[in-house]
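Asks: using only what follows, build the 3D model:
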Amino acid sequence: MEAKSDWQIGKSLSDRMKYMLDNQLMCDVTFHVGIDKTPIKAHKYMLASSSPVFYSMFEGPLAEKGTVEIADMKPEYFNMILLFLYTDKITVDSNNIRSLLYGSEKYMLQLLKDECDAFLASNVDIDHACVVLQIAHDFNMEDLKTKALHFIFENGSRILDSKDFLNLSAECLTLLLNSDKFRCEEEHIYQQMVQWGQHKCKDKSLPATDENVRECLGDLLYLIRFPVMKPKYFTEEISCKSVLTATEIVKVFQHFNDKTTDIFPSKKRISKIKIERCQLNKKSSWTCSGLDDCIDFKTSFNAKLSVVLLFGSTTYSGTDNVKINIARNSVILSTTQTVLTSSAGHEIYKIKLNPPVHVLANNQYTIQVNITGQSTFKGKEYIRNVTTEEGFSVNFLPSSLPSTNSTSISNGQIQGLFFDL
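Replies: Take a look at the predicted model:
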């Protein structure tokens, strides 16, 4: 292809290199790419300067002569990689990420792999965390895998319901099911693992019988913690099916009656428990003028207080300054200061404590909240003692510190709490 006479003038290095690549000027190597052997020309010098693999390919006694066959990549992705080597520019997306990562590993292109890593790291959310985890596992991206696992552990139940959970490999599922930090109910884990097994049956063109689901689950079955399930659920939903053998079912029932099983793990996972001390009262509001709203509480188990639930504003959209102290015997254990961006009518906000507070069973603690801002919703039907299905109970008590904004065990701010068990 004939070049324009002035294509070099006033252009950056990357623009000039791109022009030479696009117009195939002075190319000295031809690749035959993909199953159709699409010819793609390039410059040995540029490739060798970017990749030790390309350098070895073109230099030395075993250097490639003539055309180079690349059967394991599609032409469109190989062209994207070439363009990156010439210009340092690339757009990574969900459609090309695997092919670009494959190319970055094959040709030892660390800068390209870094671009892919940055794209994936920015997409660790409910909808994409499973995909990120699987890719990070497949391409040995350990820091990214750790980040994805942490997010998945923190958001266990929602991750189980995400569309890509069923596409996780057995190796990735092993990482999840082995962890005590996977925050979700064991019953939910079982339900989704059965769906995963049914999905595998479909892939293998097998009927989704209990026996085939068990076969597809394989060793993953023994990572499900049946002994920590609610006995009623196990009886009604599992014992009458054939996912477990008769012997395994008997072993779990024996565990429910204080005879420890050696077949399934019996340690309860960390779970996040929500405690609500009142219902929302939309017909009334609560003034927040910089005075303290305080309440005391005791728990029946050792736990970690991680979130305080506060009422949102009835009519105000804007920012409020929020300060939360957690104290014991009037000694402050944790202080969280934040700016709450509220929307009018948004009922309840989660304020994460930084740092969270480890609370000891049957010890009294104080929550002291100071909000400088507009009036908020308030509660109704306040409860002094809340007990969950897990047997975890919280007693709310009059504050040990002055509650100068009048919050009490029967009125005011602080709608609820989240605990990690």
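
Asks: now do the buried residues in the helix or strand harbouring Gln134.
Replies: If you go by DSSP states H and E, Gln134 is part of helix 129-138. Residues of helix 129-138 classed as buried: 129-137 (neighbour count, 16 or more other CB atoms under 10 Å). Backbone N, C-alpha and C define where each C-beta goes, glycine included.

Asks: okay, now the unreliable bits of the chain?
Replies: When residues are selected by pLDDT under 70, those of the chain lie in 1-4, 389-390.

Asks: residues in contact with the most centrally placed residue in it?
Replies: By CA atoms, centre = their mean, the chain has its centre lying nearest to Phe151, at 2.9 Å. Contacts for Phe151 (CB atoms under 8 Å, 6 or more residues apart in numbering) come out as 124-125, 129.

Asks: ok, those vs Lys89, which is closest?
Replies: Using CB to CB, Val124 comes nearest to Lys89 of these, at 24.3 Å.

Asks: for that closest one, which non-adjacent residue is closest in space?
Replies: Phe151 (5.0 Å; CB to CB, 6 or more residues apart in numbering).

Asks: check Ala48 too.
Replies: Tyr55 (4.2 Å).

Asks: that neighbour: neighbouring residues, count only.
Replies: By the measure other CB atoms under 10 Å, the count of residues near Tyr55 is 16.

Asks: from Phe165, how far out is Leu173?
Replies: 9 Å (CB to CB, to the nearest Å).

Asks: same check, this time on Ala136
Replies: Ala136 is 16 Å from Phe165, by CB to CB.

Asks: distance across stretch 226-240, terminal residue to terminal residue?
Replies: In stretch 226-240, first residue to last residue: 14 Å (CA to CA, to the nearest Å).

Asks: please renumber so the chain begins at 21
Replies: In the new count, where the first residue is 21, that last one comes out as stretch 246-260.

Asks: chain center to that stretch: distance?
Replies: 28 Å (CA atoms, centre = their mean, to the nearest Å).

Asks: strands of the stretch 271-420 of the chain, start to end?
Replies: Taking DSSP state E, counting those that start in this stretch, the strands of the stretch 271-420 of the chain run over residues 292-296, 299-306, 309-319, 323-331, 338-348, 351-362, 368-379, 385-392, 396-400, 405-407, 413-417.

Asks: output the ones you listed in TSV, with distance to Val233 and mean neighbour count appended to each entry.
Replies: Putting these into TSV (distance: least, CB to CB, whole Å; neighbours: other CB atoms under 10 Å) gives the following:
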stretch	distance to Val233	mean neighbour count
strand 292-296	29	17
strand 299-306	41	14
strand 309-319	39	20
strand 323-331	35	21
strand 338-348	46	18
strand 351-362	45	14
strand 368-379	37	16
strand 385-392	46	22
strand 396-400	45	21
strand 405-407	35	14
strand 413-417	37	19
